[in-house]
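Colleague: coordinates for the following, if possible.
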Amino acid sequence: MSKDLFYYPFYPKQWAIKTNILTLEEKGAYLEIINAIYINDEIEIFEKHIPNILGISKGKKYFKLMESLKPFLTVTSQNPLKYTQSKIKKIRLSVNKSLEQKSFAGKQSARARARNRAKQVQQPLNSRTNEKSTNNNIQNTNIDRFSTISNADILNNMS
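Modeller: Purely as a prediction, here's the structure:
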């Protein structure tokens, strides 16, 4: 389950029109089922899990609720029985596609930044900045890490 699935668009006018035949209890149960479908990776739920989702036992009340809600749900599998909801499935697939595109764009951006950093490291200092080298020993040659000898000393020793 993706951490980016924290919301989905809700259209109150459509909800009111489509669910006006349901009781308040049935609307609440339907909303809980829709939420469970949305956050499930397969975008469907097992029928056997619905009592746990609704917090009720599988009895008279449950069967009455499901009888009212079945027209709003789509059966995806008979054995075992699974349900989905077409609008929620469409929204979730759209969100998944958007997340994949964002992920791909982020990876491409990271690769481009890495290539730019690699190019900067390969360039000499003067071509990366407008400043001159800050090395104070331009005239001196390092012999070892403890001493330096100037170009003038080298010329004097050669003659």
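
Colleague: contacts and neighbour counts: CA atoms only from here.
Modeller: Will do.

Colleague: contacts for stretch 26-44 next, please.
Modeller: 1, 5, 19, 45, 50, 53-54, 65, 68-69, 76, 82-85, 88-89, 92 (Cα atoms under 8 Å, 6 or more residues apart in numbering).

Colleague: so what would you say the end-to-end distance of stretch 60-77 is?
Modeller: 24 Å (Cα to Cα, to the nearest Å).

Colleague: return the set of buried residues in that stretch.
Modeller: Under the neighbour-count criterion of 16 or more other Cα atoms under 10 Å, stretch 60-77 has Y62, L65, M66, L69, L73, V75 buried.

Colleague: wait, what's in contact with the fourth one?
Modeller: By that I understand L69. E26, Y30.

Colleague: am I right that it falls within a helix?
Modeller: Yes: note on L69: a helix contains this position according to DSSP: H, G, I helix; E, B strand; the rest coil.

Colleague: make 633 the starting number, not 1.
Modeller: Okay, using 633 as the starting number, the last item reads as L701.

Colleague: can you put the buried residues of stretch 692-709 in CSV and add pLDDT?
Modeller: Output for those, formatted as CSV (pLDDT from 0 to 100):
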residue, pLDDT
Y694, 93
L697, 93
M698, 93
L701, 94
L705, 93
V707, 92
